[in-house]
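Trainee: Below is the structure, and that's it, no one-letter string:
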C-alpha cells in the first residue's frame, strides 16, 4: 500500500521497487510504462477498485453455481431410506448476521411452532417500532393453540404501541415487567432459542442445544416469578414511604456507583427521565448532594424493604 500510494503521488516508481510487492502487478494496481521499461505506472484507484470488486463478484457467482450443482447432486441421495441416512441428533449453535436474516430464521421457527413462545424484550426504543409487524405472526401462533409469555421493562407499561398490541391479540397471552431484564431472548417450543449477540440486534445466536435451552427456560421462569403482571390483569407496584418503585430501583443502582447514563440504559429510560427520577428521589430523602444521597439511601431502609418484596 505504501508503494502504491507513492506511485500515485509521484506518478511512477522504479520497476525494481515493484519486485518487492508483486501483488501490485497481479492486482493491476501497477503496470509497466511502455515508454520506460525501468518504471511502473499506477492505475487510478477509481479504475482499480471496480475491477477488483468485479473479480469478487465473479468468484461469488461461481460459488453459487457450485452450490446449486452440489445441492442437485445430493438431492437423490437424500431420498434414500436407510439406517445411515436419518438426521443425526446433533445440537447446534448457529451465528446469524443481519437483521433480515435473523427475522427470517425467527419467522421460520415460529411458523412451525404450536406450543409456546417465551420472550424477553428489553426497552431500547426498537421494540415498539417492530410490534406491528410481529402482530399477525404472533396471532397466527396463538390461533394454533400456543401460549405466549413476554417479559418487558417497566417503562413499556406506558407505551401506547405495546398497550394497543395486547388489546388486539386474542388467545393465551401474558406479559409482565421488571426494572431490568436480559438482552433479547426468544425460546420457541423449548426446541430453539434466539439470543441477541449485539446491542443493535444485527447479530444473533440460534441455539438448539438442550442444556442451554433448559438454562434459558429456567432463567425466564425465575424472572417471570419476580415480575409485575401487566396483561391480562395489570398489578400496581406499591410505593414505599413516598418512594416509587422506579425510584427504589434507581436508588439501588446509585448505591452501586452507577452513572446517570448507566442507570438509564439498565432501566430502559432516556437519560433525561432518569435524572428527573434521581432529583425526585433526592428531594424525597432531603439530599443536597450525590454523596449525601447515597448515605441517605442506605439509612432509609428502602433497599432492604425492596429486597424483601422481591
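Mentor: The structure has been received and is ready for your questions. Just so it is clear, the model here is predicted, and its values are computed rather than measured. Numbering: from 1, shown residues only.
Trainee: which secondary structure element contains residue 174?
Mentor: strand 172-178 (DSSP states H and E).
Trainee: List the strands paired with that strand, with their directions.
Mentor: strand 147-153 (parallel), strand 228-231 (antiparallel) (DSSP bridges).
Trainee: among the ones you listed, which is the most enclosed?
Mentor: Highest mean neighbour count of the strands paired with strand 172-178: strand 147-153, a mean of 21 (counted as mean count of other C-beta atoms under 10 Å). All C-beta atoms are positioned from the backbone trio N, CA, C, and that covers glycine.
Trainee: quick one: which of the strands paired with strand 172-178 has the weakest pLDDT on average?
Mentor: When these are compared on average pLDDT, strand 228-231 comes out lowest at a mean of 89.
Trainee: which residues make contact with it from outside it?
Mentor: Residues from elsewhere that reach strand 228-231 (C-beta atoms under 8 Å, 6 or more residues apart in numbering): 152, 154, 156-157, 166, 173-178, 235, 237.
Trainee: Out of those residues, the closest to residue 204 would be?
Mentor: Among the contacts of strand 228-231, residue 152 lies closest to residue 204 (C-beta to C-beta), at 18.9 Å.
Trainee: Contact partners for that closest one?
Mentor: Neighbours of residue 152 in contact, by C-beta under 8 Å, 6+ apart: 121-123, 127, 162, 175-178, 181, 230.
Trainee: Confidence-wise, which of those residues comes last?
Mentor: Minimum pLDDT across the contacts of residue 152 falls on residue 127, with 48.
Trainee: Could you export the strands paired with strand 172-178 to a markdown table, including columns for distance to residue 94?
Mentor: Formatted as a markdown table, the strands paired with strand 172-178 follow (distance: least, C-beta to C-beta, whole Å):
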| stretch | distance to residue 94 |
| --- | --- |
| strand 147-153 | 24 |
| strand 228-231 | 32 |
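Trainee: Out of the ones you listed, the one nearest residue 274 is which?
Mentor: strand 147-153 (12.7 Å).
Trainee: elements contacting whichever helix or strand comes after the closest one?
Mentor: Next helix or strand after strand 147-153 toward the C-terminus (DSSP H and E): helix 160-168. Secondary-structure packing of helix 160-168 (3 or more C-beta pairs under 8 Å, 6 or more residues apart in numbering; DSSP states H and E): helix 127-143, strand 172-178.
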